[in-house]
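Chemist: I'll drop the sequence and a predicted model, then ask my questions.
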Amino acid sequence: MKIAVVGGGIGGLATALAMTQAGFKVTVHERSAQLVDQGAGITLAPNATRVLYHLGLGPALEETAVTPPQTEYRHYRTSAVIMRMITRDFRALYGAPYLRLHRWDLQHAMITRLAQVAPGALRLGSHIDQLESRGDHVALRFADGRMETADMVVAADGIRSAIREALFNPAPPVFAGFVAWRGLVDTADLPQHLHESAVAFGQGRHINRYLVRRGELLNFIAVAHRDNWEAEGWMIPAPLDEFLAEFASFDEGTRTIISRPVLGQVFKWGLFGRPWLEQWWSGRVVLLGDAAHPMLPFLGQGAANALEDAMILTRCLTTESTPERSFALYQQTRGPRVRDATEQAARRGDRYLGEPTADSLKGNEPGAEYAYDAVAGPLGG
């Protein structure tokens, strides 16, 4: 079976790796002429790393990943510890580790692995501008006028998926009431006691910080409640002085960290919710990851669910007799879990709105979602 994957992000690359491992011929079409470092961190819980280790990425990730012994939730103004989450023993508890990485280190490891197992499978500057299901195949038209066919297409083209828009014409996104900033800090520029994982929160704002890249960098994500509409783009530069003023009431350690981003750069974007899509496929085109079920970042499970999708969809293709039957089993397996995660993520942002207390953090502890096994768990409902 000839499979085309649209999108060279984490979900698309994981899909290509899983399907290649299962014996399918896969091509990944990435519209960008070059995949570049976007300067961001990523947290991967055991349900995500279980998939990555199965795909042969464990050694490469461990070269750069950080597994924090714990994460502390702290009062935004006093820095008093409100709750601790122990993370170092997750491998023993769940059979896979809890890793924090620079996003580019993860993506680069996936690109390198794909080049080893399927040379030439990743095509950069390959912009598909139209798809059409035609019975037992899909016609692909590219921006440069080329035409190709595939037995099926996996659309992993992200939260603002053009394929999702073209096939399903969903309702427009709705501003979720939050804006976010992100940045990286060189730990050489910080005192040793600030080389840590912590979340400072309260009064409608929170800052999550953690080490990546062997501890050489500290990644931070800051979020503030807003009533007005903001731009959604991931790479929009923001004035540093405006950002620092927003979090001026936070404790001294937090203020020190956010005042020293690499090259003085921080990026800002609005958080948007999107309507739930009841069906993720049309003909022989199926959606995956954020293209199928975009979720707000408060649960830290967006990338994890894309990785789970990639593994489950691959297993469904090896189980069922046709792509259409595989798609139905894929959604039957993934739908309830992903919908629950999406709804949890939407609710969790509200926990940071008032005065920070232990009661407001109830439910933030890791649960059964970390034990989910996309590699060998049951398919179906």
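Modeler: Everything's here; your move.

Chemist: what's around residue 346, how many residues?
Modeler: Residue 346 sits with 16 neighbouring residues when counted by other C-beta atoms under 10 Å. Quick note: C-beta positions are derived from backbone N, CA and C, even for glycine.

Chemist: quick one: average confidence on the host helix or strand of it?
Modeler: Residue 346 is part of helix 323-348, with elements assigned from DSSP states H and E. Average pLDDT, helix 323-348: 95.

Chemist: does anything pack onto that helix? Which helices or strands?
Modeler: Applying 3 or more C-beta pairs under 8 Å, 6 or more residues apart in numbering; DSSP states H and E, we find helix 323-348 packed against strand 281-282, strand 285-287, helix 302-319.

Chemist: so which of these gets nearest residue 259?
Modeler: When those are compared by C-beta to C-beta, helix 302-319 sits nearest residue 259, at 28.0 Å.

Chemist: quick check: buried residues in the closest one?
Modeler: Applying a neighbour-count criterion of 16 or more other C-beta atoms under 10 Å, one finds 302-317 buried in helix 302-319.

Chemist: look up how far residue 323 lies from the residue of the chain most remote from its centre.
Modeler: For the chain, the residue at maximal distance from the C-alpha centroid (C-alpha atoms, centre = their mean) is residue 135, at 32.7 Å. Here the criterion is C-beta to C-beta, to the nearest Å. By it, residue 135 lies 11 Å from residue 323.

Chemist: strands of the stretch 101-250 of the chain, residue ranges please.
Modeler: Along the stretch 101-250 of the chain, counting by DSSP state E, counting those that start in this stretch, strands occupy 122-124, 128-134, 137-142, 147-150, 152-155, 174-186, 198-202, 205-212, 217-225, 237-238.

Chemist: show the pLDDT at the residue nearest the centre of the chain.
Modeler: With distances taken as C-alpha atoms, centre = their mean, the residue of the chain nearest its centroid is residue 303 (2.7 Å). We note a pLDDT of 96 for residue 303 in this prediction.

Chemist: report how many residues lie close to the nearest residue to it once chain neighbours are set aside.
Modeler: Nearest residue to residue 303 in three dimensions, chain neighbours excluded: residue 10, at 5.2 Å (C-beta to C-beta, 6 or more residues apart in numbering). Counted with other C-beta under 10 Å, the neighbours of residue 10 add up to 26.

Chemist: again, but for residue 50
Modeler: Residue 50: 26 neighbours (other C-beta under 10 Å).

Chemist: show me what contacts it?
Modeler: The contact partners of residue 50, taken as C-beta atoms under 8 Å, 6 or more residues apart in numbering, are 94-96, 373-375.

Chemist: just the buried subset of those, please.
Modeler: Here, 16+ other C-beta under 10 Å leaves 94, 96, 373-375 buried among those.

Chemist: now stretch 206-216: average pLDDT?
Modeler: Mean per-residue pLDDT for stretch 206-216: 97.

Chemist: show me which residues of that stretch are buried.
Modeler: 206-213.

Chemist: what does it contact?
Modeler: 41, 43, 63-66, 68, 71, 76, 100-102, 105, 184, 186-188, 195-201, 217-223, 247, 250, 254, 257-258, 352.

Chemist: can you tell me which of these are classed as buried?
Modeler: The neighbour-count criterion (16+ other C-beta under 10 Å) marks 41, 43, 64-66, 68, 71, 76, 100-102, 105, 184, 187, 196-201, 217-223, 247, 250, 254, 257-258, 352 among the contacts of stretch 206-216 as buried.

Chemist: wait, doesn't residue 344 sit right on residue 299?
Modeler: Yes. Counting by C-beta atoms under 8 Å, residue 299 is a contact partner of residue 344 at 5.5 Å.

Chemist: more neighbours, those two?
Modeler: Comparing residue 344 with residue 299 by other C-beta under 10 Å, the one with more neighbours is residue 299, at 21 against 17.

Chemist: OK, contacts around the more buried one?
Modeler: 341, 344-345, 348.

Chemist: now it: how far from residue 212?
Modeler: Taking C-beta to C-beta, one finds residue 299 at 19 Å from residue 212.

Chemist: and residue 105, by the same measure?
Modeler: Taking C-beta to C-beta, one finds residue 105 at 8 Å from residue 212.
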